[in-house]
Every structure is written in structure tokens, then in C-alpha cells.
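Participant: any chance you could fold what I've pasted below:
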Amino acid sequence: MVNEGRNESIAEATAPRHGISEKRYKDRTLDYHSLLPYETESESQADVWLQRIINELYTSIKGHDFRPGALQLTKQLSSWLQLKHEMSRNKRAKLVKLYYWLSLKPGLNHTCSNSFWNLTISSQRKTFSWTGNLCGSR
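Facilitator: Down below sits the predicted model:
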């Protein structure tokens, strides 16, 4: 049985992957960092920056500082993701869930809500796509 047109069977898609890195279980098609003509930061440095962004994000959310606090940190996180650094699945899942609920928060400025929703969609893997209109209208 094939899982949605991919080359792995359903058993392989749902089986735990023992001995494989938590960050990535498939090799990249293109190794971005080794092809650049200059030296880039290491993954450990990138993880430190990610953790700093996440800590400040949670602090701003806890203090109800959505604009400019959480909005600025959302832009920083989006930039971090565009640099093609690896993020653990656990962190990615937690951030997607957090941004999903932030985008649905009642009374939030529409600029913040749209920004949070856009990061929710862009930080998900391509295995799930949203179908239909989000507002429910046809």
C-alpha cells in the first residue's frame, strides 16, 4: 500500500525510526551551508539563537505583548527558518501548535493574527495541506 503517492509504505511511514536523528530522517537534496562561499554559523550556534528566540517569544506572550513583542519575534523566527537550519520535530510541533492558537486568539490585531497564521502554515512540513476556505464560507 502506498501512502499518498510517496514511495514509502504505510508501515514504514508509521513505524518508529530507531537510531535516526531527531532533526532529520532524510538527507537534504542540496547541502546549503557547504556550498556557500563563506563560513556559516554551526548548528549549535543556530540552536542557541533558536532557543533565545523561543524564550523571548514565550516571555512576550506571557506578558500579553503581542505587538510589537511577539510580532517581532515571529519575524525573527521566520528569518531563522529561511536560513534552512534544522529544528527538532518536537520543537517544530510545539511552535506550530502555539502559533495556531495565537492566530485564533480573539481580540488580537489582524496584522498579528495573519502573521501568526502565516508562520503556522510555513513551518509545517509539506505532508499536510489545508483544504477549503478557513472562514467556512463558500
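
Participant: show me the contacts for residue 77.
Facilitator: 50, 53-54, 57, 95, 119 (C-beta atoms under 8 Å, 6 or more residues apart in numbering). From N, CA and C alone the C-beta is placed, and that goes for glycine too.

Participant: hmm, try it at 6 Å
Facilitator: Counting by C-beta atoms under 6 Å, 6 or more residues apart in numbering, residue 77 makes contact with residue 53.

Participant: secondary structure class for it?
Facilitator: Residue 77 falls in the helix class when you classify it by DSSP: H, G, I helix; E, B strand; the rest coil.

Participant: go on, residue 108?
Facilitator: Using three-state DSSP, the secondary structure recorded for residue 108 is coil.

Participant: count of neighbours near it?
Facilitator: Neighbour count for residue 108, taken as other C-beta atoms under 10 Å: 16.

Participant: how many neighbours does residue 104 have?
Facilitator: Residues near residue 104, counting by other C-beta under 10 Å, number 12.

Participant: what are the ranges of the helices in the chain?
Facilitator: In the chain, helices defined by DSSP state H lie at 10-14, 32-35, 43-62, 71-82, 89-103, 110-123, listed in chain order.

Participant: in the fifth one, what's buried?
Facilitator: For helix 89-103, burial by neighbour count (16 or more other C-beta atoms under 10 Å) applies to 92, 95-96, 98-99, 102-103.

Participant: which helices and strands does it pack with?
Facilitator: helix 110-123 (3 or more C-beta pairs under 6 Å, 6 or more residues apart in numbering; DSSP states H and E).

Participant: go on, the third one?
Facilitator: The elements that helix 43-62 packs onto, with contact taken as 3+ C-beta pairs under 6 Å, 6+ apart, are helix 71-82.

Participant: buried set for the helix it packs on?
Facilitator: Of all the residues in helix 71-82, those buried under the rule 16+ other C-beta under 10 Å are 71, 73-74, 77, 80-81.

Participant: roughly how far does residue 58 sit from residue 51?
Facilitator: With distances defined as C-beta to C-beta, to the nearest Å, the gap from residue 58 to residue 51 amounts to 11 Å.

Participant: what of residue 91?
Facilitator: In this structure, residue 91 and residue 51 are 9 Å apart, going by C-beta to C-beta.
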